[in-house]
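Q: A predicted structure for the sequence below; I have some questions about it.
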Amino acid sequence: MIIELEKILKVLSDKNRIRIVKLLEKQKLCVCELAFVLAIKQPSVSRHLKKLKSVGIIEEEQDSFWTNYVLCVKGNKHFTTLLRNLSAWLEEDGQIKQDLNKLRQADRTKLCCK
């Protein structure tokens, strides 16, 4: 159990992965949308997603053309508790607020088809 928690904490030790988790807390998103909001390249987003997926924090769903990423809180009590705390700790964080505002501008039909 300690090893599982340690792996989750290591994955969440990166600010961009925390930002991704906070965005996925609001809605499912594709790589293009995440790259747009975070202002980082798609390969970097994909690497972050791979790490989050490796510890069971996220999972992917196919939606015709897009692969959506969603939080996977079922069956992972460590992450469920951490997510509750992250929500409280980061509720007023300026970066998270900016990300959520920018998310409103993310239109996958325009972002993914460039």
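A: Thanks, I have the structure now. Residues are numbered from 1 along each chain as shown.

Q: so which helix or strand takes in the spatially most central residue of the chain?
A: Centroid check for the chain by CA atoms, centre = their mean gives Ile20 as the closest residue, at 2.6 Å. Taking DSSP states H and E as the definition, Ile20 sits inside helix 15-26.

Q: got the buried residues for that helix?
A: Arg17, Ile18, Arg19, Ile20, Val21, Lys22, Leu23, Leu24, Glu25 (16 or more other CB atoms under 10 Å). (C-beta placed from N, C-alpha, C; glycine too.)

Q: The residue nearest to the centre of the chain against Leu34, yeah?
A: Yes. Using CB atoms under 8 Å, Ile20 is in contact with Leu34, at 6.0 Å.

Q: Mutual contacts of those two, please.
A: Here Ile20 and Leu34 share the contacting residues Val45, Leu49, Tyr69, scored by CB atoms under 8 Å, 6 or more residues apart in numbering.

Q: need the contact list for the first one.
A: I take that to be Val45. Contacts of Val45 by CB under 8 Å, 6+ apart are Ile20, Val31, Leu34, Ala35, Leu38.

Q: In strands only, show me the residues you listed.
A: Residues of the contacts of Val45 located in strands (DSSP state E): none.

Q: So which of the residues you listed belong to helices?
A: Among those, the members found in helices (DSSP state H) are Ile20, Val31, Leu34, Ala35, Leu38.

Q: how near is Thr80 to Ser54?
A: Thr80 sits 18 Å away from Ser54, going by CB to CB, to the nearest Å.

Q: same thing with Asn68?
A: On the measure of CB to CB, Asn68 and Ser54 end up 18 Å apart.
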